[in-house]
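# coordinates for the following, if possible.
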Amino acid sequence: MDMYEDYENILTELKTHSHFRDLKDFSDKDEKYIYYRGKKLLNLSSNNYLNFADNKSLTQEFLEQIGCKYSFGSASARLLTGTLPVYKELETLLADLYGKEACLLYNSGYHANIGISSALNKKGDIIFSDKLNHASIIDGMQLSQGKFFRFPHNDMDALEKLLIRERENYKNAFIVTESVFSMDGDISDLRKIVELKKKYDCGLIIDEAHAFGVFGEKGLGVAEVLGLIDDVDLIVGTFGKAVGSMGAFVTGSRTLIDYLINKSRSFIFSTALPPVNIAFTKWIIETQISKTLQKRRRMLEIAKSMGSSSHIIPVIVGENKDTVDLCEVLFHNGYFTLPIRPPTVPAGTSRLRLSLTCEIEESELAVLKEKIHENLLVKQAK
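Residues are numbered from 1 along each chain as shown. Below you'll find the model as predicted:
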């Protein structure tokens, strides 16, 4: 038997069911447009929420200020020779912004979540995780030596029943949730979660990946808006979305951060991010995010008018092929969207995930709304 035959059969099956993924060949990108298949398209599939990525004038301003001070490679893990002053400066900046004792940088949001969950959830411990939490959180729990339960999405009654049934059977317990959910755009019930955390003696980890830079006057996320930062044990955020850079962080108590430095394998065994990226992230947080407050508010108002509580707007179509076909319709009308299909979302809920950025005008979305409405009406009539 050809050793590749099994893989070829799987790929053929994916193609048959409009489930095959490939890498797109883009000719260029700028702040809110992408150039693909000979067309200039409004990019609605990016996490570039504040338009900092692909911003040539912003990049030029940063490079003029730093010159050749920072290298393009660290050439070492943080625990070896990969920690220069700028890394500690960024960690201190973030810890101070959140009012926490310490902070630790990771190479990506995936590295952060997989490293945190796998390290903290020891044998005899337990994690209670929202069903729709990101794959990185799920993978981290699966790699841990502890137990975990996934409660129905945003169902606080179900969470409390789980806590009543299971909490006393374990030593340490954590509740883990995203603040803004990446595929549904809705927001977790953080007030109730904090209440349950205190009632059942749990730690609380919140992944603010899609909220960091967008929500709150300082851009610290949903916990800032709700005044709950002090009630959260670990807050995770990423730099590859609103900040337009790369990497991630977790901030919390000195004890937990020191524990992660010693036990989080995705941190320990990774070469540190390039110093120039760390410096760019620090510069963006210090000088640019505060300038976007009014634009961020307007972006969220546009999203609200489209039925979403965040800048992420799900358009649930259902079947894979129908979703792919709708993306093609929108392509021919000047919009770049991508189909989100299982296993990223549950079977039968394939969708468009529309991501707004703060430079998009409401008027630019008029044709998009019209074409989506037409498509869904046709689908309902079948």
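# would you mark the buried spots in the worst-scoring helix or strand of the chain on mean pLDDT?
Sorted by mean pLDDT, DSSP states H and E, the helices and strands of the chain end with helix 366-381, the least confident at a mean of 85. By neighbour count on 16 or more other Cβ atoms under 10 Å, the buried set for helix 366-381 is Leu368, Lys371, Ile372, Asn375, Leu376. Every C-beta, even on glycine, is put in place using the N, C-alpha and C of the backbone.
# poorly predicted segments of the chain, please.
1, 380-382 (pLDDT under 70).
# just the helices in it please.
Ranges of helices in the chain, per DSSP state H, are 5-16, 56-66, 85-98, 109-120, 135-143, 156-166, 190-199, 222-226, 254-263, 265-268, 275-287, 293-305, 320-331, 366-381.
# domains of the chain?
Each domain of the chain is listed here as a residue range: 17-49+311-381, 64-289, per automatic domain parsing.
# out of these, deepest packed?
Among the domains of the chain, ranked by average contacts under mean count of other Cβ atoms under 10 Å, first place goes to domain 64-289 (a mean of 19).
# enumerate every residue touching the closest residue to Asn47 other than its chain neighbours.
Nearest residue to Asn47, sequence neighbours excluded (Cβ to Cβ, 6 or more residues apart in numbering): Lys241, at 3.9 Å. Shown in contact with Lys241 (Cβ atoms under 8 Å, 6 or more residues apart in numbering): Asn47, Asn48, Tyr49, Ala209, His210, Phe212, Gly213.
# the closest residue in space to Ala77 that isn't next to it in sequence: what's it in contact with?
What sits nearest to Ala77 in space, not counting adjacent residues and going by Cβ to Cβ, 6+ apart, is Thr271, at 5.8 Å. Counting by Cβ under 8 Å, 6+ apart, Thr271 makes contact with Ser74, Ala75, Ser76, Ala77, Gly82, Asn107.
# I'd like to know how far the fifth one sits from His134.
Counting by Cβ to Cβ, to the nearest Å, the gap between Gly82 and His134 amounts to 26 Å.
# please apply the same query to the second one.
Per Cβ to Cβ, Ala75 is found 30 Å from His134.
# end to end on stretch 265-283, go ahead and measure it.
Stretch 265-283 has an end-to-end distance of 28 Å (Cα to Cα, to the nearest Å).
# from the chain's centre, how far out does it sit?
17 Å (Cα atoms, centre = their mean, to the nearest Å).
# equivalent analysis for stretch 283-296, please.
Distance, centroid of stretch 283-296 to centroid of chain: 19 Å (Cα atoms, centre = their mean).
# got it, and stretch 162-170?
Mean-position distance between stretch 162-170 and its chain equals 29 Å (Cα atoms, centre = their mean).
# and stretch 82-102, by the same measure?
Centre-to-centre, stretch 82-102 and its host chain are 21 Å apart (Cα atoms, centre = their mean).
# switch to numbering from 50
With 50 as the first residue, the last one maps to stretch 131-151.
# quick one: contacts for the closest residue to Gly293 other than its chain neighbours?
Using Cβ to Cβ, 6+ apart and skipping residues adjacent in sequence, the residue nearest Gly293 is Phe101, 2.9 Å away. By Cβ under 8 Å, 6+ apart, the contact list for Phe101 reads Leu107, Ala291, Val292, Gly293, Ser294, Ile333, Gln337.
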